[in-house]
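> below: sequence and its predicted model.
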Amino acid sequence: MSAELDTFPKLLLHHAEVRPDAPAMREKDYGIWLTNSWKEAREEIEALACGMHQRGFRRGDRLAIVGDNRPRLYWAMCAVQALGGVPVPLYQDSVAAEMAYVLDHAEVRFALVEDQEQVDKLLEVRERAKTLEQIFYDDERGLRNYTQEFLHHYDALLAEGRDFAKRHPQFFTDEIAKGSGGDVSIMCYTSGTTGNPKGVVLTFDNVLKSARNGAEFEGLTAKEDMLAYLPMAWVGDHIFSYAQSYAAGFCVSCPESGATVMHDLRELGPTYFFAPPRIFENILTTVMIRMEDASAPKRRIFRYFMEVAKRAGIKILNRQPVPLGDRLLYALGELLVYGPLKNTLGLTRVRLAYTAGEAIGPDIFDFYRSLGVNLKQLYGSTEASVFVTIQPDGEIYADTVGKPAPEVEVKIAEDGEVMFRSPGVFQEYYKNPEATAETKTPEGWVHTGDAGFFDDKGHLRIIDRAKDVGRMNDGKIFAPKYIENKLKFFPNIKEAVAFGHERDYATAFLNIDLAALGSWAERHNVAYGSYIELSQHPEVREILREHVESVNRDLAGDSHLGHTQIRRFLILHKELDADDGELTRTRKVRRRVIAEKYGELIEALYSGKAEVFASTEVTFEDGRKGKIEATLTVLDAETYPVAGGAPERAAAE
Amino acid sequence: MPDASQTAASDEQAAAEAPARRFAETLLEVQNITLRFGGVKALTDISFDIKKGEIRAIIGPNGAGKSSMLNVINGFYTPQEGTISFKGKLRKAMRPHEAAKNGIARTFQNIALFKGMSTLDNIMTGRLLKMKSNLLLQALYWGPNLREETEHRAFCERIIDFLEIQAIRKTPVGKLPYGLQKRVELARALAMEPELLLLDEPMAGMNVEEKEDMCRFILDVNEEFGTTIALIEHDMGVVMDISDRVVVLDYGRKLADGTPDEVRGNQAVIDAYLGVSH
Amino acid sequence: MNLRTIAIWAVSVPLVIAALGFFHQALAAAGWIAFFTWPFYFEVILNGLLQGVMYSLVALGFVLIFKASGIFNFAQGSLVLFAALTMVGLIEMGLPWPLAFVATAVVMVGVAIAVERVVLRPLVNQPHIILFMATIGIFYFMDGFGQTLWGSDVKVLDIGIPKDPIFILGGVFEGGLLVQSFDVIAALCGALLVAVLAVFFQYTRIGRALRAVADDHQAALSVGIPLKTIWAIVWSVAGIVALVAGIMWGGKLGVQFTLALIALKALPVLILGGFTSIPGAIIGGLIIGAGEQVAENFVGAAIGGAIQDWFAYMLAMVFLLFRPQGLFGEKIIERV
């Protein structure tokens, strides 16, 4: 890449020159994939930029972008950047009040939105977002009778722009030439767990350098195909479907609608794919359900070859030695099972798939890798322009997030918090110097808020949020979420809460998964009358005990966390519920609430009592309140000697 | 998707800007319709009109004769007395085929879809009457026919997009949940490019969210395509929100006719709904 | 039918034929059946297939009407007889056969329209069993009416199709395989008819309308499909199919009352192929035809013959146990 290609608009001109007829963006509309070449993209972006200029958009202005992934919205990003402005993408599903804060805070003057739904939201908050002057919309459905003079259709904007561009043919390129790598490229608002969202300011250098490093590391070329379906306001989408597309010159496709993503994925067959663990999990569940419905011989073939894949697939993908017999069986399986399966899932052509955001279940992770899908985990954040660590090819382990990405330095602070420094590090939180100072040291190190450590292979392992990590009475580290995640990977366990902070040993509450164990009960003719009855069923207890002990075995193999094996646990008589305040709406455990509400139960876990009476107030769906009461048995689980024999190291690090 | 409060808000806005929409031209007029099954009178001397462009509701308690009225309008039933005038042409009765050809489309309370066909094929059947090219060319699947086929497909795709059912385009409708089947049925009716759309309890059996969606679609159809809509509905709240004029039936007789506000204040209507004995 | 289905058939059919051959060869070796040679086996299969096309022709008429109205039209056999009688009658009156064919076709369309008007229209929305009973009525009426009109003697229907035996595939088998040229021509006509019908119902407006009507009458009415017209068209097409079947069967067996009973031959074909599928009717016919001939010529000879009369039914019964909707019948969709 030549040195002067330091902004996205410059890259646009470059691609329009070098590969004018290569596809830049695709969109499925009215059931047909429509393709736009780089030349066409350049033409439309120029018209859009000119149109916006005519409407009064000036250098430094900000354009809010709200909607599903659409080429027009991506083009608007580039058009704004060409004019020296800053795009501010917003989450399309956020409510009007949330939008009002960002619009006001970022002093947004212009907004481009997808449809009536978003227009309505902006109209609702016009009182609060005083800086907002003009709104452009893409889909005019339902908007015919809106007479406000500050509402403009995208097409009208484009027409004005084309006219202007004809009269000022040099305008667009001149404006682009004024930009440079140090300019602000985008502002991504991240919603913190508390307080207002913070506007992460990233420059072209931040975004482009990160995107290019990532692309080079993975060998991405102009031939990739990417499906853009995650929110445009999320930095990941900005890097994968915008920045890397411009950096490498590959084509990005937009699905027909949110509901058709899976169909579109199958039709498109992307080579480069990102999805959060939740989506990989959903796909796997669908496959399993479909196989349950299939005929017995088909099911048998499927099971057999999935065993083969488990044995040989991952090793083949990691280029490890595999016996010839297994290799041949795997090839046969590819023909009969894996190939058709990947084809239905749209993963046939995938060369590189990432997952990130939360821990992925090792079974799920291994399932995809055993099929030959090169799924990798990465660890990143908005403040890093995504990349902090990536799993390098051939060094994939389900429980780590890999090694530092190119040009990224990672260190573990005194208190166990992960910190990093890289060219992608953000400039500041917009208009929030205190928060900036809290997060970013003067030397450029960024606090991630996550606790983790480097394992013996030099891979980073994230164990929990730093603030949730506690100390046991002997001063050793205790990471509740790490244990809870391991427990929750068992389909029979819906929720888990681990205790151990300022205690001698670790314990846990478990919630059974009614769907999974209900179907187990049906298959094994176990009768039960209620949730409580099933949860306290002796056989269910044994199943969960096995799960806990399996987690313990796993932990024992880990020199850093082996001391946090669960000695005692109990199965809760009610499901933890957001309506009762025990979970957040995003299903995260509220530890303080639970500690207060279930104090007696926790004491029972540490007192050596064998049984405890529980009485809990609950809120029913219709808002009524009631009480659930039960006598719960406290269960003991086997613990295992810790491997490595040097548990002290954990404390030392 | 806008929630109820937003829909309501924009309705109020619209209402504030254009108080009570006015419609001049009469699209359909039924006069003195009486329908008997054997000795039972289903409809007695019903007269009302539907203006071009409006949303007209027919409401009433169970067994009031609402569905019978729709069946008379689209020709499923032949009334013993009375006349129907559609687009200025006076008739004793409609025939289903004639009604469809003249631009009356409908949906059914209990859903009548081609269950073995995909969503797209179902919608395409709505285009059957619009297909022009001759049988021979159709058989060869070539030339003007291919072009025509493409045009019809494109039209159906616009409706699929409009009703946001892209994800179920190729799914056999028999496999779809109830709410989506209702939407496919609406799509098929729209594919006929109707001038008058008859909806028989479009929101029956739906949950709140599905009802809101359906309301939005009905309003959008009316606004976007200018389609006149006559609908039967049980849910009084919905009716009062979206219709321009309401006719109330009870025991096969007309009780009241007017704007939602007028009807709401009508003593006979209140009695009928509260079950005052006759 | 997608590519996968076609591939499966292309592989499995020769396999089944070969397997059956080896099975009989083994039977012969064990002395269970009198004799077995491969050329004779193929000759039997080939003749069976040609016979099967004739079954398909009859089954086709049933499928058309079943698709459109869900009625098992018991009268289809009498339509075949009536068409053949009319054709013979017209030829006897001195019309050249092509003209007689066209005239008979017109008559069959007239019959179809009359049936729709007089019988079906008044019975709209009645349970299927009532409509089925009505078709039994039509069967007896057509049967009697035809014979009243044209007399009840056995007649010869000859439209000049050669009936000489010919030998084919002489290069592959020593002496070639013996087939009747009449059977070959009949099979070709049948194949042509099927192709035309398939295109007609797959790609035309009427085909679409037919599928819609078959699925849901009320919905079909609401999108403006004229139910009655579609029924008239379907009965007319069924009438013309009956005419072609009548010419072929009449030419082979002579035109006589028993022609009406070939409907009974179609039943196993329909069970095998599925009541709603045109390809099903064809393939069902071929399987029954070939299976029947093989059974008759090898096994039948060993156990004393006449296996042909019940073999098809037995095959159909076995099939019912495993796949009640038939090979190509529509699966019943159940919403979960």
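Looks like it came in fine. Numbering: from 1, shown residues only, chains lettered A, B, ... in the order given.

> for residue 178, which non-adjacent residue is spatially closest?
The chain I'm using is chain A. A:G84 (6.2 Å; CB to CB, 6 or more residues apart in numbering or on different chains). Every residue, glycine included, has its C-beta placed from N, CA and C.

> right idea, wrong chain: chain B
B:G205 (5.8 Å).

> assumed that neighbour was part of a strand.
No: assessed by DSSP: H, G, I helix; E, B strand; the rest coil, B:G205 does not belong to a strand; its assignment is coil.

> for chain C, see how far away it is.
From B:G205 across to chain C, the span is 14 Å (CB to the nearest CB, to the nearest Å).

> cool, and A:V425?
51 Å.

> now swap in A:T448 and tell me
45 Å.

> on the three-state scheme, that residue is what?
Going by three-state DSSP: A:T448 is strand.

> can you check the one 5 residues further on too?
In the three-state summary, A:F453 is assigned as strand, counting by three-state DSSP.

> isn't it up against A:V410?
No: A:F453 is beyond contact range of A:V410, at 10.9 Å (criterion: CB atoms under 8 Å).

> which neighbours do these two share?
A:L460 (CB atoms under 8 Å, 6 or more residues apart in numbering or on different chains).

> which part of the stretch 51-200 of chain C gets nearest to chain B, residue-wise?
Nearest to chain B in the stretch 51-200 of chain C, going by CB to the nearest CB, is C:V199, at a distance of 5.2 Å.

> need phi/psi at that residue.
Main-chain dihedrals, C:V199, degrees, to the nearest 10: phi -60, psi -50.

> count of residues packed around it?
15 (other CB atoms under 10 Å in any protein chain shown).

> so A:S185 sits in a helix?
No: note on A:S185: no helix contains this position according to three-state DSSP, which reports strand.

> low pLDDT regions in the stretch 51-200 of chain B?
By pLDDT under 70, the low-scoring segments of the stretch 51-200 of chain B are B:133-144.

> how about the stretch 151-300 of chain C: which residue is closest to chain A?
Going by CB to the nearest CB, chain A is nearest to C:R208 of the stretch 151-300 of chain C, at 18.8 Å.

> OK, contacts around that residue?
Neighbours of C:R208 in contact, by CB under 8 Å, 6+ apart: B:M124, B:T125, B:L128.

> quick one: mean pLDDT for the helix or strand it falls within?
Per DSSP states H and E: C:R208 is located in helix C:205-215. For helix C:205-215, the mean per-residue pLDDT is 81.

> roughly how far is the next helix or strand after that helix from the heart of the chain?
Next helix or strand after helix C:205-215 toward the C-terminus (DSSP H and E): helix C:217-222. Distance of helix C:217-222 from its chain centroid, counting by CA atoms, centre = their mean, to the nearest Å, is 30 Å.

> which residues are contacting helix C:217-222?
Outside helix C:217-222, the residues within contact range by CB under 8 Å, 6+ apart are B:74, B:76, B:96-97, B:100, B:105-108, B:112-114, B:125, B:188-189, C:125, C:209, C:212-213, C:227, C:230.

> give me the buried subset of these.
Neighbour counting with 16 or more other CB atoms under 10 Å in any protein chain shown marks B:74, B:76, B:96-97, B:100, B:105-108, B:112-114, B:125, B:188-189, C:209, C:212-213, C:227, C:230 as buried within those.

> elements contacting the longest helix seen in chain A?
Secondary structure of chain A per DSSP state H: the longest helix is helix A:538-556. The contact analysis (3 or more CB pairs under 8 Å, 6 or more residues apart in numbering or on different chains; DSSP states H and E) places helix A:538-556 against helix A:480-488, strand A:506-512, helix A:514-523, strand A:566-571, strand A:635-636.

> at 7 Å instead, please
Counting by 3 or more CB pairs under 7 Å, 6 or more residues apart in numbering or on different chains; DSSP states H and E, the packing neighbours recorded for helix A:538-556 are helix A:480-488, strand A:566-571.

> could you tell me the phi and psi values at A:T631?
With angles defined as degrees, to the nearest 10, A:T631 sits at phi -100, psi 120.

> right, and it touches A:A610 too?
No: taking contacts as CB atoms under 7 Å, A:T631 lies outside contact range of A:A610: 10.5 Å.

> quick check, A:I176 in contact with A:L12.
No: with contact defined as CB under 7 Å, A:I176 does not count as touching A:L12 (8.0 Å).

> between the two, which is the more surrounded one?
Set A:I176 next to A:L12 and count neighbours by other CB under 10 Å: A:L12 wins out with 25 against 22.

> now do that one, the pLDDT please.
Looking at A:L12, its pLDDT reads 97.

> who are the neighbours in contact with it?
A:L12 sits next to A:A41, A:R42, A:I45, A:C78, A:Y246 when contact means CB atoms under 7 Å, 6 or more residues apart in numbering or on different chains.

> how about the first one, what does it touch?
Looking back up the chat, that one is A:A41. By CB under 7 Å, 6+ apart, the contact set of A:A41 is A:L12, A:A24, A:M25, A:W75.

> pretty sure it sits in a strand.
No: assessed with three-state DSSP, A:A41 is helix; it does not lie in a strand.

> what does chain B put close to chain C?
Residues of chain B found near chain C (CB under 7 Å from any CB of the partner chain) are B:74, B:96-97, B:100-101, B:106, B:108, B:112-117, B:125-126, B:128-129, B:131, B:135, B:138-139, B:141, B:172, B:174-175, B:188, B:192.

> for the nearest residue to A:K130 once chain neighbours are set aside, give its distance to A:T382.
Leaving aside its sequence neighbours, A:K130 sits nearest to A:D104 (CB to CB, 6+ apart; 7.0 Å). Remark: distance between A:D104 and A:T382 (CB to CB, to the nearest Å) = 20 Å.

> could you do A:S210 as well?
11 Å.

> who's more crowded, the two?
More crowded of A:S210 and A:T382, by other CB under 10 Å: A:S210, with 30 against 18.

> and that one, what is it in contact with?
A:S210 neighbours (CB under 7 Å, 6+ apart): A:I239, A:S385, A:V386, A:F387, A:P423, A:G424.

> okay, now the fourth one: neighbour count?
Per other CB under 10 Å, the neighbour tally for A:F387 reads 26.

> near chain B at all, stretch C:177-195?
No: counting by CB under 7 Å from any CB, chain B has no neighbours in stretch C:177-195; the shortest distance is 10.8 Å.

> list phi and psi for the closest residue in space to A:F150 that isn't next to it in sequence.
Leaving out its chain neighbours, the residue that sits closest to A:F150 by CB to CB, 6+ apart is A:Q134, at 5.0 Å. With angles defined as degrees, to the nearest 10, A:Q134 sits at phi -130, psi 150.
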